[in-house]
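Colleague: What follows is a predicted protein model with its sequence.
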Amino acid sequence: MVARQVWCNVFSSLNLPALVPQLAERSFANWWRRAVRRVPKERKKGINSLIILVAWIIWKHRNKCVFEHLSPSVTSILRELKDEHSLWCMARAKKLENLGLAGGL
């Protein structure tokens with residue numbers, strides 16, 4: 001449920017709540033394909049980058065929970081996501097930067 005809350009926060013901040021993975025979702029890849037099809041062409045690259053970034057941050061947090069015995073935390077994930085998002089934007093991820101996510105997290 002923590003991951004779903006993160007996705008909900010991220011897509012709600014972009015006013016794209018319809019992209020949040022549903023509980024019945026069986027395949028990350030299928031959900032991703034459907035999500036990208038729902039956005040305008042000019043936002044597809046940014047959304048793809050965002051999905052990669054969020055999945056990466058969730059995965060790293062999951063590993064910390066398993067191997068360092070941390071408790072799952074939506075707040076911690078969102079904080080790390082915001083920091084990593086800033087780094088990606090400084091590295092010239094223009095389409096990601098154009099989504100306007102930083103202010104919404």
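Modeller: Received, thanks. Numbering: from 1, shown residues only.

Colleague: where does the protein have low pLDDT?
Modeller: Applying pLDDT under 70 to the chain flags residues 102-105.

Colleague: which residue ranges form the helices in it?
Modeller: 2-13, 28-37, 44-67, 74-90, 94-97 (DSSP state H).

Colleague: What helices and strands are in contact with the first one?
Modeller: It stands for helix 2-13. Applying 3 or more CB pairs under 8 Å, 6 or more residues apart in numbering; DSSP states H and E, we find helix 2-13 packed against helix 44-67, helix 74-90. Using the backbone N, CA and C atoms, a C-beta is placed for each residue, glycine as well.

Colleague: what angle separates the first one from helix 28-37?
Modeller: This means helix 44-67. 150 degrees (axes from the mean of the first three to the mean of the last three CA atoms, to 10 degrees).

Colleague: And helix 44-67, what's buried?
Modeller: The neighbour-count check on helix 44-67 (16 or more other CB atoms under 10 Å) flags 45-51, 53-54, 57-58, 61, 64 as buried.

Colleague: Can you tell me which of these lies closest to residue 29?
Modeller: Closest to residue 29 out of the buried residues of helix 44-67 is residue 51 (10.7 Å), distances taken as CB to CB.

Colleague: Nearest residue to the closest one in space, please, no chain neighbours.
Modeller: Among residues not flanking residue 51 along the chain, residue 32 sits closest, at 5.7 Å (CB to CB, 6 or more residues apart in numbering).

Colleague: JSON lines for the helices and strands packed on helix 2-13, including distance to residue 99?
Modeller: Below are the helices and strands packed on helix 2-13 laid out as JSON lines (distance: least, CB to CB, whole Å):
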{"stretch": "helix 44-67", "distance to residue 99": "4"}
{"stretch": "helix 74-90", "distance to residue 99": "9"}
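
Colleague: show me the contacts for the most centrally placed residue in the chain.
Modeller: Centroid-nearest residue in the chain: residue 54, 3.0 Å away (criterion: CA atoms, centre = their mean). Neighbouring residues of residue 54 by CB atoms under 8 Å, 6 or more residues apart in numbering: 6-7, 10, 81.
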